[in-house]
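Q: Have a look; sequence and predicted model below, questions after that.
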2 protein chains.
Amino acid sequence: MTMVERKSTRQTPLPIPPDLSISRAQAFEYVRQAHQSETAEDYVEMIADLIAERGEARVVDLAANFGVSHATVNKIIVRLNKEGLVTNRPYRSLFLTVEGERLAAECKERHDVVYRFLLALGLDEHTASLDAEGVEHHVSPKTLQAFRKFLKKNAP
Amino acid sequence: MTMVERKSTRQTPLPIPPDLSISRAQAFEYVRQAHQSETAEDYVEMIADLIAERGEARVVDLAANFGVSHATVNKIIVRLNKEGLVTNRPYRSLFLTVEGERLAAECKERHDVVYRFLLALGLDEHTASLDAEGVEHHVSPKTLQAFRKFLKKNAP
DNA sequence: TATAAAATGTAGCCTAGGCAACAAAATTGA
DNA sequence: TCAATTTTGTTGCCTAGGCTACATTTTATA
């Protein structure tokens, strides 16, 4: 026994509202861009942290801190080098370029604001720490400013 | 003239503090996991929205709303089908499975809380909309709860 | 009803970021 | 010093999510 099937799936021409899809697409475009820069931002920030904490940044330390293999770290370092954020020589520790330092400082500040904002909202340190790591890359300057404003009023 | 170069780059055994790298790695692990589910969540949410708004979800509508090519949409639909979130037949419109519907509802709720939270914080609709899209995937249940709590006190 | 247009499917290519396995260099310590 | 260990580099493979170009099916319309 065979089912009779309608040929058409779009029976009537649907009313097309003033194009919502464009503005929606813009948001997803932003998210995709954020993902592009995310790795670079995390790496320069981590390198800066390691240099501050332990005097130098090694491939093995990055691998441990990100929880990935050293092969992955190596591949990413090559890319960051091409992009002018990191300098590296074989078997030596890693350094940031001036541009890398600038980016790291900017990211650290943003990370810090997000983290303290989550704390001020009443979250425990662990949760604030975990969420800040993901959220920081998707917070626009305006939103960051709103976070700062909130922090001023709700002193921790 | 040749530069004399130190053989060793790690001069002294650095003091190793109680392993910070493990907890840090945990945060990045969470972020990587979030990225894994991000696309699936965006797609089921969009499919549910389109069905609600226009009666059906077509590949071409998804492509327009995400701002990507229809080939990209197709590839992702195949994956979501394998994962049991979407049902599709050649040249027909898309449907969610029960599990897909459940996930869509959950995501929509979360998206909504994040969006209204940003509004309550004083941001304009456009910025709130853009940032919510990125932030929603990186907000833990605890943080979402804190957002809800804030919303209750600061009724929009 | 033909034919044009739109939607969908498919193939092949690209980059990013994962991995394991192996190779080579550097550091440590007996 | 030199042998063992650690660190770093390299290769090749995988998946996800982009794209263009081309093939096919469906839908609209002359």
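A: That came through fine. Numbers count the residues shown, from 1 in each chain, chains lettered A, B, ... in the order given.
Q: Show me which positions of the host helix or strand of A:Lys149 end up buried.
A: According to DSSP states H and E, A:Lys149 maps onto helix A:141-153. Residues of helix A:141-153 classed as buried by neighbour count (16 or more other CB atoms under 10 Å in any protein chain shown): A:142-144, A:146-147, A:150. Where you see a C-beta, it was placed from the backbone N, CA and C, and this is true even at glycine.
Q: same thing with stretch A:57-66?
A: For stretch A:57-66, a neighbour-count test (16+ other CB under 10 Å) marks A:57-59, A:61-66 as buried.
Q: contacts with chain B among the buried residues of helix A:141-153, please.
A: Restricting the buried residues of helix A:141-153 to those near chain B by CB under 8 Å from any CB of the partner chain leaves A:142-143, A:146-147, A:150.
Q: Show the backbone phi and psi for A:Gly67.
A: phi 70, psi 40 (degrees, to the nearest 10).
Q: which SS state does the residue nearest to it when sequence neighbours are not counted fall under?
A: Among residues not flanking A:Gly67 along the chain, B:Ala25 sits closest, at 3.1 Å (CB to CB, 6 or more residues apart in numbering or on different chains). Following DSSP: H, G, I helix; E, B strand; the rest coil, the label given to B:Ala25 is helix.
Q: is it true that B:Ala25 touches A:Ala64?
A: Yes: the pair B:Ala25 and A:Ala64 qualifies as a contact (CB atoms under 8 Å) at a distance of 6.8 Å.
Q: roughly how far apart are A:Phe66 and chain B?
A: Distance of A:Phe66 to chain B, given as CB to the nearest CB, to the nearest Å: 5 Å.
Q: ok, now how distant is that residue from A:Glu53?
A: Distance, A:Phe66 to A:Glu53, by CB to CB, to the nearest Å: 15 Å.
Q: Look up which residues are beta-bridged to the nearest residue to A:Ile51 once chain neighbours are set aside.
A: Leaving aside its sequence neighbours, A:Ile51 sits nearest to A:Ala57 (CB to CB, 6+ apart; 5.3 Å). For A:Ala57, the beta-bridge partners under DSSP bridges are A:Leu94.
Q: wait, doesn't A:Ala57 sit right on A:Tyr43?
A: No: under the criterion of CB under 8 Å, A:Ala57 makes no contact with A:Tyr43, lying 9.5 Å away.
Q: Overlap in contacts, the two.
A: Counting by CB atoms under 8 Å, 6 or more residues apart in numbering or on different chains, no residue touches both A:Ala57 and A:Tyr43.
Q: what about A:Ile47, how many residues close to it?
A: For A:Ile47, the number of neighbouring residues by other CB atoms under 10 Å in any protein chain shown comes to 26.
Q: Could you tell me how far the helix or strand where it lies lies from the centre of the chain?
A: Assigned by DSSP H and E, A:Ile47 belongs to helix A:20-54. In terms of CA atoms, centre = their mean, to the nearest Å, the centre of helix A:20-54 is found 3 Å from the chain centre.
Q: any idea of the mean pLDDT in that helix?
A: Averaging pLDDT along helix A:20-54 gives 95.
Q: now stretch A:144-156
A: For stretch A:144-156, mean pLDDT rounds to 93.
Q: Give me the contacts around it.
A: For stretch A:144-156, the external contacting residues (CB under 8 Å, 6+ apart) are A:110, A:113-114, A:116-117, A:119-120, A:139, B:118, B:121-123.
Q: which of the residues you listed lies closest to DNA strand D?
A: Nearest to DNA strand D among the contacts of stretch A:144-156: A:Val139, at 19.6 Å, using CB to the nearest atom of the strand.
Q: residue contacts, that closest one?
A: A:110, A:114, A:147, B:131, B:134-135.
Q: Out of these, who's the most crowded?
A: B:Val135 (28 neighbours).
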